[in-house]
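A structural model of the following input is requested.
(2 chains)
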Number of protein chains: 2
Amino acid sequence: VPGEKPHVLRDEPESVADVGEFDLIRRLATLLPPSGAVAGIGDDTAAIEIPGDEFLLATIDAMVQGVHFENLADDPRRIGRRLLAANLSDIAAMGGRPTDALISLALNPETLYADVAGVYEGIAAMAAEHHVTVVGGNVTRTPGQVTLDLVQLGLVIKQHLVRRSGARPGHVLAVTGSLGAAAAERLLASADVTSLSSTLRADLAHAADPAPRLAAGQALAEAGLARAMIDISDGLAGDVRHLAEASGVGLTIEAEALPVSNATVVAAAALGINPHDLVLSGGEDFELLVALHPEDVAAAQHAAAPLPLTVIGSVEGAEDGIGLRVGGKRVPLTAGGWEHF
Amino acid sequence: VPGEKPHVLRDEPESVADVGEFDLIRRLATLLPPSGAVAGIGDDTAAIEIPGDEFLLATIDAMVQGVHFENLADDPRRIGRRLLAANLSDIAAMGGRPTDALISLALNPETLYADVAGVYEGIAAMAAEHHVTVVGGNVTRTPGQVTLDLVQLGLVIKQHLVRRSGARPGHVLAVTGSLGAAAAERLLASADVTSLSSTLRADLAHAADPAPRLAAGQALAEAGLARAMIDISDGLAGDVRHLAEASGVGLTIEAEALPVSNATVVAAAALGINPHDLVLSGGEDFELLVALHPEDVAAAQHAAAPLPLTVIGSVEGAEDGIGLRVGGKRVPLTAGGWEHF
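Reported below is the predicted structural model:
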């Protein structure tokens, strides 16, 4: 029966895997007292009223051993960069600038100090690039997997705040940078592919290095061009759905328009997979999807420069649902995004 | 050899357990860019400059399965209350009032939805008591132990901010509420003690229920009476040391003055342990330790009322170290408690 999970018996208690990540968030939110925040659960960050002409932004993101990395020792600096980047990308999607961060570590007693220090060096390097200061945190023991949480605070001028909910039929959708490199690199690491040159692998590593799009997000927000914006690091296919739901619209993504680097195309060919799959559901692309008035495209590209900003689709009525145009044909685009359960 | 860990070979890489929690925090902090925060790592919360007459406070605390609880199902509402209380107690220690919270969940796929909902109901009930709203968060999968992080934001009028560093020789030390009930209850749960009445167990459960001292913390701060303040939920013996180090002072705690409820005294007797041990190193007492000018004691007790505020010691010069006066004799008080001679 479509839509039913046959392995769940009727009387078995419901697990969080049965509920699924996004339904879980929705159901838990109903248990909480109503929030007076300007933006809250269901946006990239919370936006909180404070005195003065700015909103306070706040967001948290986690990395768990066995899910987001296998061992700290594999590449602790990259794990630190990735942890901060995920949060900075959320701040970027609101049009904000990051300020202070807090770090919460759950460490196995056997975790090597040098590896934790490596994570901190990665965080510190990226923090310095973006003028972020770490003002506090927490350390606890865990008997199991190392779990890293980072809280990022930020600010945005009130009239520049961009939410997920401002997309309207007739807008176009554009995306920063290029997509799919992180997924390609991740798949290559576990595949037995020997045909790729070291130059290509270096290009891929460069494209996959987490680089939150703060400058572009702020420029698009300050110019008043971004009608809606979202970070797409959970995977484009899932994240366009979040934007569509928040805005109450449908949309079409043009497969042929998706920006993919040459290195990603070559890696996809070596892996024997369609690069569109990497782009649509690979995840870990710390890029921004933005809804624009069609007359604003050139101005938006100018604002985002030197970062490329590529039109990849259009906003439609909710009745049109979410589609992918590929080979001239529009097919439904499902949330093959990064469902975490 | 005293001070040396004989099981660590000279060439073995150093683990976080070798380094220890507080050295780890100190060493990691040196890897980060300098922070412009008014208060940061080494206070109960960070205090951040924002426009207007208040500082923004921010803190994070975690609960890990296998460390802070065995299974969510054991008492999910209590776990939720405890998670929020730990953060609110940190806000209280700065003299602040809590505002918004974010929750980060790392859940095993097999975690039951009903248990997570129970945690949220516990958080929601305590949040409503203290006018806290949950504005966002994160959900991720973990292959291992459930890990819960909560971020609490707050505000404090700038001139009312209380830090750990304001204690001076000649001040007295006072503590809110009574101590040791949570440790007594925890030990009873794993001991085979059948001699205690249900009334006494109910009294103990009531005393052990997490109740952050926000009203008392704010009243002491607003009246300008709290010279230094710290949350003592990590255990009095360790937390007085943090206050002493931040203030550059020594201090003496009077064992006979420590406020212990009758239920805790009876429970300690049934467990065959000294109630002072529960109080000094049991932990989970969400009470505040405050340094006061001796002339301010009556006013401070009036400000904290109806909560008891008990003088338990005095601040001395750094050269005196940290001591416990018991049976008329002053003995060194270590972070783990005191040496039973």
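
which SS state does the residue positioned nearest the centre of chain A fall under?
By CA atoms, centre = their mean, the mean C-alpha position of chain A lies nearest to residue A:233, the distance being 2.2 Å. At residue A:233, secondary structure determined by DSSP: H, G, I helix; E, B strand; the rest coil is coil.

hang on, it packs against residue A:283?
Yes - assessed by CB atoms under 8 Å, residue A:233 is found in contact with residue A:283 at 6.3 Å. From N, CA and C alone the C-beta is placed, and that goes for glycine too.

now the helices: where do they sit in the stretch 51-200 of chain A?
A:76-93, A:113-129, A:181-189, A:198-208 (DSSP state H, counting those that start in this stretch).

now do the third one against helix A:198-208, angle only.
Right, the one you point to is helix A:181-189. Orientation check (axes from the mean of the first three to the mean of the last three CA atoms, to 10 degrees): helix A:181-189 against helix A:198-208 gives 130 degrees.

report the buried residues of helix A:181-189.
Buried residues in helix A:181-189, defined by neighbour count with 16 or more other CB atoms under 10 Å in any protein chain shown: A:181, A:182, A:183, A:184, A:185, A:187, A:188.

so how far is it off the chain centroid?
Here helix A:181-189 shows a centroid-to-chain-centroid distance of 16 Å under the convention CA atoms, centre = their mean, to the nearest Å.

that one vs helix A:76-93, what angle?
Angle between the axes of helix A:181-189 and helix A:76-93 is 150 degrees (criterion: the same axes, to 10 degrees).

got the contact list for the closest residue to chain B within the stretch 101-250 of chain A?
Nearest residue of the stretch 101-250 of chain A to chain B (CB to the nearest CB) works out as residue A:144 at 3.2 Å. The contact partners of residue A:144, by CB atoms under 8 Å, 6 or more residues apart in numbering or on different chains, come to A:108, B:65, B:66, B:142, B:144, B:145.

quick check: residue A:237 touching residue A:333?
Yes - contact criterion CB under 8 Å: residue A:237 and residue A:333 qualify, at 5.6 Å.

shared neighbours of those two, which are they?
Counting by CB under 8 Å, 6+ apart, the shared contacts of residue A:237 and residue A:333 are residue A:280.

if we can go back for a sec, and the pLDDT for the residue of the stretch 101-250 of chain A closest to chain B?
pLDDT recorded at residue A:144 is 94.

close enough to count as contact, residue A:282 and residue A:178?
No - contact criterion CB under 8 Å: residue A:282 and residue A:178 do not qualify, at 12.0 Å.

those two: who's more crowded?
residue A:282 (28 against 20; other CB atoms under 10 Å in any protein chain shown).

how near is the more buried one to residue A:91?
Relative to residue A:91, residue A:282 is positioned 23 Å away (CB to CB, to the nearest Å).

cool, and residue A:14?
Relative to residue A:91, and taking CB to CB, residue A:14 is found at 34 Å.

from the chain's centroid, how far away is stretch A:272-287?
12 Å.

that one: end-to-end distance?
End-to-end distance for stretch A:272-287, by CA to CA, to the nearest Å: 25 Å.

one more: stretch A:28-45?
17 Å.

now do the phi/psi pair for the nearest residue to residue A:316 once chain neighbours are set aside.
The shortest distance from residue A:316 to any non-neighbouring residue, by CB to CB, 6 or more residues apart in numbering or on different chains, is to residue A:250 (4.3 Å). The phi/psi pair for residue A:250 (degrees, to the nearest 10) reads phi -110, psi 180.

test my guess that residue A:250 contacts residue A:330.
No - Residue A:250 is beyond contact range of residue A:330, at 10.8 Å (criterion: CB under 8 Å).

which one's more surrounded, these two?
Taking other CB under 10 Å, residue A:250 and residue A:330 do not tie; residue A:250 has more neighbours (18 against 14).

anything in contact with each of residue A:250 and residue A:330?
Joint contacts of residue A:250 and residue A:330 (CB under 8 Å, 6+ apart) are residue A:323.

residue contacts, residue A:92?
A:212, A:213, A:214, A:216, A:217, A:218, A:231, A:288.

of all those residues, which two lie farthest apart?
Greatest spatial distance in the contacts of residue A:92: A:218 and A:231, 13.8 Å, computed using CB to CB.

neighbour count: the two, which is higher?
Legend: neighbour count by other CB under 10 Å for residue A:218 and residue A:231, higher for residue A:231 (28 against 22).

roughly how far does the more buried one sit from residue A:83?
Applying CB to CB to residue A:231 and residue A:83 gives a distance of 14 Å.

cool, and residue A:157?
From residue A:157 over to residue A:83 the distance is 27 Å, taken as CB to CB.

okay, those two: which has more neighbours?
residue A:83 (26 against 16).

my guess is the more buried one contacts residue A:120, does it?
No - taking CB under 8 Å as the definition, residue A:83 is not a contact partner of residue A:120, at 10.3 Å.

got any residues that touch both of these two?
In contact with both residue A:83 and residue A:120: no residue, using CB under 8 Å, 6+ apart.

from residue B:39, how far off is residue A:135?
The gap separating residue A:135 from residue B:39 is 8 Å, by CB to CB.
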